[in-house]
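> Based on what follows, work out the 3D shape:
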Amino acid sequence: DQYRLKALQRYSNFAAQGADLPLQDFVSRHNDATQSIGYSKSLMLFHMLREALGDEGFVAGLRHLWQAHRHTRVGFAETVRTIAAADQTVAPRLLPWLERAGAPGLRLVDSDVSKLDGGWQLQLTIDQEQSEPFLFDLPVLITLEGEDHARRMLAPVSERRTLLEYRFEKRPLRVDVDPEYDLLRYLDPTEQPPALNRLFGSPNAWLVLPTAATGDMREAWSALAATWQRRYPQLKLIDDTSAGRLPPDADHFLLGWDNALLGQARSTFARDDQSLGVRDVTIGGTGYPADAAGVVLVASDAQGVSTGFIGAPTPRLIETLARKLTHYGSFGRLLFDAQGNNLLRDTLSSDHSRLSRQFGDEAVPLRPPPRSVLGARG
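Modelled structure (predicted):
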């Protein structure tokens with residue numbers, strides 16, 4: 001599920017901003033958007049094919065693909081038809097996902113739990129945000145009182161708005177919409193873990209330069225900004241003395257320990273295992289001083305706005321980070337030594353997903369039911 005999450009992060013952050021295209025039109029990658037389509041979007045399509053056929057059917061379909069088309073060229077559509085040949089209902093449902101640009105964007109509009117005689121009723125309202133709805137089975141995980149694992153339900157969805165109703169003998173405590181990322185879709189900003197790709201792919205992201213930095217350091221930060229703007233042209237540049245004019249929904253990178261905005265942003269980066277000090281960061285009980293380590297942190301708030309911080313002790317390390325960090329896009333916390341060697345890289349969790357609801361008085365963790373690992377046997 002974490003690998004699928006990273007795939008959907010890349011797709012949502014780089015292809016969703018008007019750069020998407022039908023998967024059947026993909027030929028080769030030439031930028032981050034086309035890479036996210038040809039690799040991440042196709043990965044999710046074949047995962048949905050596996051889910052539709054089941055593991056045994058999917059493995060049998062792969063064998064059939066090899067037997068029918070070995071040593072020949074085959075396109076996406078014929079690949080789907082061949083793998084799904086044993087079930088004639090599957091390919092017609094998945095082919096439109098090849099032929100259309102875009103993907104569903106989901107919203108959990110409303111949720112309600114009510115007591116009934118002999119049980120409980122759960123009602124959910126799900127919206128598709130794009131103009132033309134897709135047809136799919138939506139995984140919904142429902143946590144019930146007294147049960148070790150959430151129940152996994154598949155809800156058929158075909159309209160812009162879908163009302164789902166469930167009845168249980170036990171009280172629902174929590175509901176999560178596609179929490180294991182089984183559906184090809186655009187992620188809601190609030191369910192995305194804080195990560196560099198949120199900022200690299202944002203249409204409204206700013207690089208904030210530190211005016212108090214010394215000459216060599218300021219030149220290094222300016223060079224980093226220029227390098228990233230060539231790769232991500234939508235990134236905008238501003239000094240920390242002017243950053244008060246940024247709109248409240250603007251994603252932004254704070255560059256350097258001398259950045260004037262860092263003081264008011266420290267609480268943004270606070271987590272149970274992490275704190276950002278004046279000249280150091282503490283992670284997991286270990287402190288890393290500003291003059292000895294490169295630090296990269298990303299945080300997101302309940303509205304989905306992302307803030308990044310990059311600290312480095314030397315111009316040489318800034319130059320190294322400018323080159324390296326574009327390859328660490330799925331991570332939200334990184335540490336480097338003074339020579340640029342990676343010491344830590346973490347994918348952090350989101351605490352604000354709008355596709356999750358709690359119904360009890362106390363927060364209940366999500367415990368998905370066990371799932372099998374795909375294996376080709378015999």
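
> these two touch, right, residue 253 and residue 299?
No - using CB atoms under 8 Å, residue 253 makes no contact with residue 299, being 11.7 Å away. (C-beta placed from N, C-alpha, C; glycine too.)

> got any residues that touch both of these two?
Residues touching both residue 253 and residue 299 by CB atoms under 8 Å, 6 or more residues apart in numbering: residue 308.

> So those two - more neighbours on which side?
Neighbour count, other CB atoms under 10 Å: between residue 253 and residue 299, residue 253 has more, with 24 against 21.

> Shouldn't that one be within a helix?
No - according to DSSP: H, G, I helix; E, B strand; the rest coil, residue 253 belongs to no helix; its state is strand.

> Quick check: bridge partners of it?
The partner list for residue 253 in beta bridges (DSSP bridges) reads residue 207, residue 308.

> Can you give me every residue that contacts it?
So residue 253 contacts 199, 205-208, 308-310 (CB under 8 Å, 6+ apart).

> 6 Å - rerun?
Residues near residue 253 by CB atoms under 6 Å, 6 or more residues apart in numbering: 199, 207, 308.

> mind listing what the second one touches?
Going back to what we said before, that points to residue 207. 225, 235, 237, 253.

> same thing but at 8 Å, please
The contact partners of residue 207, taken as CB under 8 Å, 6+ apart, are 225, 228-229, 235-238, 252-253, 255.

> How about the last one?
By CB under 8 Å, 6+ apart, residue 308 lies in contact with 196, 199, 251-254, 296-299.

> ok, of those, which one's closest to residue 264?
residue 254 (10.0 Å; CB to CB).

> Excluding chain neighbours, what is closest to the closest one?
Residue nearest to residue 254 in three dimensions, not counting chain neighbours: residue 309, with 4.7 Å by CB to CB, 6 or more residues apart in numbering.

> Might one say that that neighbour is in contact with residue 252?
No - counting by CB under 8 Å, residue 309 sits too far from residue 252 to count as a contact (9.7 Å).

> rewinding a little: so which of the contacts of residue 207 would you say is closest to residue 108?
For the contacts of residue 207, with residue 108 as the reference and CB to CB as the criterion, the closest is residue 252, at 28.0 Å.

> give me the number of residues near the closest residue to that closest one other than its chain neighbours?
Spatial nearest neighbour of residue 252, excluding adjacent residues (CB to CB, 6+ apart): residue 206 at 4.4 Å. Neighbour count for residue 206, taken as other CB under 10 Å: 19.

> For the chain, which segments count as helices?
2-14, 32-35, 42-69, 76-83, 90-99, 196-200, 215-231, 262-265, 315-324 (DSSP state H).

> And the ones you listed: which comes nearest residue 167?
Closest to residue 167 of these is helix 42-69 (CB to CB; 25.3 Å).

> Now do the residue nearest to residue 204 when sequence neighbours are not counted against residue 302, distance only.
The shortest distance from residue 204 to any non-neighbouring residue, by CB to CB, 6+ apart, is to residue 250 (5.4 Å). Noted for residue 250: a distance of 16 Å to residue 302, by CB to CB, to the nearest Å.

> the more surrounded of these two?
A count of neighbours by other CB under 10 Å puts residue 250 above the other of residue 250 and residue 302, at 18 against 11.

> who's in contact with that one?
204-206, 305 are the contacts of residue 250 under CB under 8 Å, 6+ apart.

> pLDDT weak spots in the protein?
Across the chain, residues meeting the criterion (pLDDT under 70) sit at 16-18, 376-378.

> 50 instead?
Along the chain, segments meeting pLDDT under 50 span 378.
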